[in-house]
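Undergrad: A structural model of the following input is requested.
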Amino acid sequence: MFLTGEERWKVLRLHVEDQISLAALARETGNSTRTLQRWLRLYRAGGASALDLRPRADAGTRRLDVLGQDVG
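TA: Got it, this is the predicted structure:
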């Protein structure tokens, strides 16, 4: 299940505004510490709107690995 940008901010706000550690948030929310660190980096770079889901750069393309060679 993916969280929306608003849901991500509700979690991360507890760290940013209330000074709850990322480790504690990870335990309480079930999100990994690494994920929370990534969200924090995005937030610091672009604010709460940076937490919105973005489409993948490779969306709609296929990639098949045949004997170690990429076939597009």
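
Undergrad: Which parts of stretch 26-44 count as buried, going by neighbours?
TA: 26, 31, 35-36, 39, 42-43 (16 or more other C-beta atoms under 10 Å). Glycine gets a C-beta too; all of them are placed from N, C-alpha and C.

Undergrad: okay, those in TSV with pLDDT, distance to Leu51 and secondary structure next?
TA: Converted to TSV, these look like this (pLDDT from 0 to 100; distance: C-beta to C-beta, whole Å; DSSP: H, G, I helix; E, B strand; the rest coil):
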residue	pLDDT	distance to Leu51	secondary structure
Ala26	97	16	helix
Asn31	96	12	coil
Thr35	97	11	helix
Leu36	97	11	helix
Trp39	97	6	helix
Leu42	97	6	helix
Tyr43	97	6	helix
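
Undergrad: any idea which of those residues is the one closest to Leu3?
TA: Nearest to Leu3 out of the buried residues of stretch 26-44 is Asn31 (C-beta to C-beta; 8.2 Å).

Undergrad: show me the contacts for the closest one.
TA: Applying C-beta atoms under 8 Å, 6 or more residues apart in numbering to Asn31 gives the contacts 11, 25.

Undergrad: how about the strands in the chain?
TA: 64-66, 69-71 (DSSP state E).

Undergrad: where among those is the average confidence lowest?
TA: For the strands of the chain, mean pLDDT drops lowest on strand 69-71, to a mean of 63.

Undergrad: Am I right that Ile20 is in contact with Leu14?
TA: Yes. Using C-beta atoms under 8 Å, Ile20 is in contact with Leu14, at 4.6 Å.

Undergrad: Give me the more crowded residue out of those two.
TA: Set Ile20 next to Leu14 and count neighbours by other C-beta atoms under 10 Å: Leu14 wins out with 18 against 15.

Undergrad: Distance-wise, check the more buried one relative to Arg63.
TA: 38 Å (C-beta to C-beta, to the nearest Å).
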